[in-house]
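A.B. asks: A predicted structure for the sequence below; I have some questions about it.
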Protein chains: 2
Amino acid sequence: MPSEKPARRKPRQVRAELTRDRILNAAAHIFTEYGYAAGTTNRIAERARVSIGSLYQYFPNKDAILAELVLNHIDEGGADTPITDSPDRDLETVLRLFVRKTIDNHRADPRLLRLMLEEAPLSPDLLTKIIRYSHKRIAQLKHVLATHPEVRVTDLDMAARLIENTVELVTHKLMAESVEAQRLENELVAMLSRYLRG
Amino acid sequence: MPSEKPARRKPRQVRAELTRDRILNAAAHIFTEYGYAAGTTNRIAERARVSIGSLYQYFPNKDAILAELVLNHIDEGGADTPITDSPDRDLETVLRLFVRKTIDNHRADPRLLRLMLEEAPLSPDLLTKIIRYSHKRIAQLKHVLATHPEVRVTDLDMAARLIENTVELVTHKLMAESVEAQRLENELVAMLSRYLRG
DNA sequence: GAAGTATCTGAATATCAGCTCACAATAGTG
DNA sequence: CACTATTGTGAGCTGATATTCAGATACTTC
């Protein structure tokens, strides 16, 4: 299912913006509830209380809807927020903040997130953006590691990638299995801080 | 897409067995190449050089094909093989063997594995088997941790789940990004052994 | 308030994949 | 070789979903 199409009409009246928003909102709910394949455009339109025609006035196809949700998530989800605001805290605190933020993020809407990460049809363009975002986060993390006095690992690049992915993926998986968040947080922080202190 | 159907005919001649195998083989390739949704039954049949009718003589539906691939993978993939054969090695060695095995496993066919883990349509029955398998692995790991003298963690249950998932998921992800296997192995082992030794 | 533009509608269409079934070919048996 | 059982075939049926389009409705502007 490719996805190139001439651009859709851009909203010029307020009501159009509202319609667009309703569609995106409905899509988030429908995808969450039904998954991507079973989340049909008709269901989305119905939920948004909009005709199917309207939906296609703002999105060239179904893929584009999920793609936009992913993008929104990326750039509201702290593309700019640094990993830690105060770099002079002790290592464990920094790690705890990092872990907690990820856990909180997942608590909000785990199913939609899972969908985005795993089922999203990745157009080359979207893929590029996601990769760029991911690199940015890893670079930030690497910087924190490089700067912090308590850190004692040699392969900084690998360490940053390892940590970023570990926290993200494990949180995902275990939160889905309804592990108690506090225990997860503690154990992750323990693992990472012992690792980094060498 | 549910999946209950009267059982298909069982092969009684050699040629039938061969056909069945060809179908499974082809399915593995097709799913790997196209993903689950775009891996159509017709494509699979074509690749297996078998008519679509034959395919449906051995599998009640598309889901069942992937389900069988998952099952095969599970019980050839060391459901019985213990995590470590010689329990008197030092901790780092034990961990290294564990990590290496996972990495080797993924080298074989990362995309298919990813598919199985993420896109497989999980019938309740299949889900049960997968969960049972997963619990078994975690229990084994927990036993190793509980037994080994070098291990110093309090929350053994959480630790076992954390480690199992970390190794599995991170290997998955990073091997897909073509990280160098040796570096990954080293860093994972470093992280885990420092963590466990406290 | 009339003309022009933007927005919305939803029945109709296009597409496409899973799957069936009536029949054909091949293997086994005596 | 005749007869049965097993296996194989593939055109086409079925149902589901994405997407279109001709026309209705609502806003904006002068």
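C.D. replies: The structure has been received and is ready for your questions.
A.B. asks: okay, CA-based contacts and neighbour counts for the rest of this
C.D. replies: Noted.
A.B. asks: ok, how many other residues are close to A:Phe31?
C.D. replies: The number of residues packed near A:Phe31 is 21, by other CA atoms under 10 Å in any protein chain shown.
A.B. asks: and it, how close does it get to B:Ser123?
C.D. replies: 20 Å (CA to CA, to the nearest Å).
A.B. asks: which residue would be the closest one in chain A to DNA strand C?
C.D. replies: As assessed by CA to the nearest atom of the strand, DNA strand C sits closest to A:Gly53 within chain A, at 2.8 Å.
A.B. asks: tell me what the helix or strand hosting that residue is packed against?
C.D. replies: A:Gly53 is located in helix A:52-58, with elements delineated by DSSP states H and E. Applying 3 or more CA pairs under 8 Å, 6 or more residues apart in numbering or on different chains; DSSP states H and E, we find helix A:52-58 packed against helix A:14-38, helix A:41-48.
A.B. asks: tell me how far stretch A:35-54 is from the chain's mean position?
C.D. replies: 23 Å (CA atoms, centre = their mean, to the nearest Å).
A.B. asks: could you export it as PDB, CA atoms only?
C.D. replies: The C-alpha coordinates for stretch A:35-54 follow below in PDB (Å, rounded to 0.1, in the frame of the first residue of the first chain):
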ATOM      1  CA  GLY A  35      -5.900  -2.100  15.700                       C
ATOM      2  CA  TYR A  36      -4.800  -0.800  12.400                       C
ATOM      3  CA  ALA A  37      -6.100  -3.300   9.900                       C
ATOM      4  CA  ALA A  38      -9.600  -3.500  11.500                       C
ATOM      5  CA  GLY A  39      -9.700   0.200  12.100                       C
ATOM      6  CA  THR A  40     -11.500   1.000   8.900                       C
ATOM      7  CA  THR A  41     -11.800   4.500   7.500                       C
ATOM      8  CA  ASN A  42     -15.500   4.200   7.600                       C
ATOM      9  CA  ARG A  43     -15.400   3.400  11.300                       C
ATOM     10  CA  ILE A  44     -13.200   6.400  11.800                       C
ATOM     11  CA  ALA A  45     -15.500   8.700   9.900                       C
ATOM     12  CA  GLU A  46     -18.500   7.400  11.800                       C
ATOM     13  CA  ARG A  47     -16.800   7.900  15.100                       C
ATOM     14  CA  ALA A  48     -15.900  11.400  14.100                       C
ATOM     15  CA  ARG A  49     -19.500  12.000  13.000                       C
ATOM     16  CA  VAL A  50     -18.200  13.000   9.600                       C
ATOM     17  CA  SER A  51     -19.000  11.600   6.300                       C
ATOM     18  CA  ILE A  52     -16.400   9.300   4.700                       C
ATOM     19  CA  GLY A  53     -16.100  11.900   1.900                       C
ATOM     20  CA  SER A  54     -14.900  14.500   4.300                       C
END
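A.B. asks: so which bits of that stretch are buried?
C.D. replies: A:35-36, A:39-41, A:43-45, A:47-48, A:50 (16 or more other CA atoms under 10 Å in any protein chain shown).
A.B. asks: redo those as TSV? Include pLDDT and distance to DNA strand C.
C.D. replies: Compiled in TSV, the buried residues of stretch A:35-54 are given as follows (pLDDT from 0 to 100; distance: CA to the nearest atom of the strand, whole Å):
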residue	pLDDT	distance to DNA strand C
A:Gly35	86	17
A:Tyr36	87	15
A:Gly39	93	16
A:Thr40	95	12
A:Thr41	97	11
A:Arg43	97	12
A:Ile44	97	12
A:Ala45	97	8
A:Arg47	96	11
A:Ala48	96	9
A:Val50	96	4
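A.B. asks: ok so, going back, export the helices and strands packed on helix A:52-58 as a markdown table, with columns for distance to B:Thr19.
C.D. replies: Converted to a markdown table, those look like this (distance: least, CA to CA, whole Å):
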| stretch | distance to B:Thr19 |
| --- | --- |
| helix A:14-38 | 31 |
| helix A:41-48 | 39 |
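A.B. asks: give me the domain ranges for chain A.
C.D. replies: Domain assignment for chain A by automatic domain parsing gives A:14-60, A:74-197.
A.B. asks: between those domains, which one is closest to DNA strand D.
C.D. replies: Smallest distance to DNA strand D across the domains of chain A (CA to the nearest atom of the strand): 3.3 Å, for domain A:14-60.
A.B. asks: is that closest one anywhere near DNA strand D?
C.D. replies: Yes. Remark: domain A:14-60 sits within contact range of DNA strand D at A:14-15, A:37-42, A:52-54, A:56, A:60, by CA under 7 Å from any atom of the strand.
A.B. asks: flag the least confident of those.
C.D. replies: In terms of pLDDT, A:Val14 ranks lowest among these, with 81.
A.B. asks: ok, which stretches of chain A are helices?
C.D. replies: Shown for chain A, the helices assigned by DSSP state H span residues A:14-38, A:41-48, A:52-58, A:62-76, A:91-108, A:110-118, A:124-147, A:156-176, A:181-197.
A.B. asks: can you flag the weakest of those by average pLDDT?
C.D. replies: Taking the mean pLDDT of these, helix A:110-118 comes last: a mean of 74.
A.B. asks: which other residues reach it?
C.D. replies: A:28, A:31-32, A:35-36, A:66, A:70, A:106, A:172, A:176, B:118 (CA atoms under 8 Å, 6 or more residues apart in numbering or on different chains).
A.B. asks: and for stretch A:30-42?
C.D. replies: Residues external to stretch A:30-42 that are found in contact with it (CA under 8 Å, 6+ apart): A:27, A:43-44, A:47, A:52, A:55, A:62, A:111-112, A:115, A:119-120.
A.B. asks: closest to chain B out of the residues you listed?
C.D. replies: Nearest to chain B among the contacts of stretch A:30-42, counting by CA to the nearest CA, is A:Glu119 at 7.9 Å.
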